[in-house]
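In: After the sequence you'll find the predicted model.
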Amino acid sequence: MATKSVQKREADGKCDAPPQKKQFGHWSQGLKSSMDDPELRIDADEKIVIIKDKYPKAKFHFLLLPKISIPNLKSLTKEHVELLQHIEKKGKALAKKSDPNLEFRFGYHAVPSMSLLHMHVISQDFDSPCLKNKKHWNSFTTEYFVDSSDIIKQLQERGRVELDTSRFQEMLKRNLRCHVCKKDLPTIPALKTHIKLHSYSKKS
DNA sequence: GTTCTAGAAC
DNA sequence: GTTCTAGAAC
């Protein structure tokens, strides 16, 4: 017998079913169109574009991209140090403007899913309905997330970025662990309940 | 990157 | 029984 299909919508549906604009090319090229999307683009200067992450994983989550097309971290050379310093400086100013008392991190995914080099600016509350799975969590709270300052330091010291790619697969599959107190949590819902107990304010 | 959903886990 | 995860998507 055919039962009525359930209209199952998440209670926190803010992350679901965004208006599907026509995307050209593979999904991994999505940042290219996001850069020009007035809904997402919040600022730009002569060197970079700043957009909101389309699926923010925290209260504040932005992406900063160079206007010149840099594919990934491996493409970086000493010539890019000034550009990356500019990106980090702009990112920190944006964080301060967004909420001066909130903790933020500034960095890059070791193996990003999306093409075009982009620095994440993300508040450390990780309070968002778009944060849904282990990969999301571990990509921002393990060494998979590489601080901008570390990237710049490597470029200055060695002229390129070297990352131990053999460890990344394992990092994303690690057990869920609170980034503040290191407590292990069994599930994503339990983790999300737990991390609400911490303060992410710089002032205490 | 996301959506969808089978079946594991409880 | 429901909750939750993890893999396919041509």
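Out: Thanks, I have it. Numbers count the residues shown, from 1 in each chain, chains lettered A, B, ... in the order given.
In: My understanding was that residue A:168 contacts residue A:144; is that so?
Out: Yes. Between residue A:168 and residue A:144 there is a contact under CB atoms under 8 Å: 6.0 Å. The C-beta positions use only the backbone N, C-alpha and C, and glycine is treated the same way.
In: Spell out which residues are contacts of both of the two.
Out: Residues touching both residue A:168 and residue A:144 (CB atoms under 8 Å, 6 or more residues apart in numbering): A:110-111.
In: Which of those two has more residues huddled nearby?
Out: More crowded of residue A:168 and residue A:144, by other CB atoms under 10 Å: residue A:144, with 23 against 17.
In: Output the contacting helices and strands for the top helix by length along chain A.
Out: Criterion DSSP state H: the longest helix present in chain A is helix A:81-98. Helix A:81-98 is packed against strand A:48-52, strand A:61-66, strand A:104-109, strand A:119-123, helix A:148-158, with contacts defined by 3 or more CB pairs under 8 Å, 6 or more residues apart in numbering; DSSP states H and E.
In: so it versus strand A:119-123, what angle?
Out: Between helix A:81-98 and strand A:119-123, the angle comes out at 20 degrees (axes from the mean of the first three to the mean of the last three CA atoms, to 10 degrees).
In: which of the helices and strands packed on helix A:81-98 is buried the deepest?
Out: strand A:119-123 (a mean of 24; mean count of other CB atoms under 10 Å).
In: Pull the distance from that strand to the chain's centre.
Out: Relative to its chain's centre, strand A:119-123 lies at 5 Å (CA atoms, centre = their mean, to the nearest Å).
In: So which elements touch that strand?
Out: So strand A:119-123, by 3+ CB pairs under 8 Å, 6+ apart, packs with strand A:61-66, helix A:81-98, strand A:104-109.
In: Which of the ones you listed sits closest to DNA strand C?
Out: Of all those, it is strand A:104-109 that lies closest to DNA strand C, at 16.5 Å by CB to the nearest atom of the strand.
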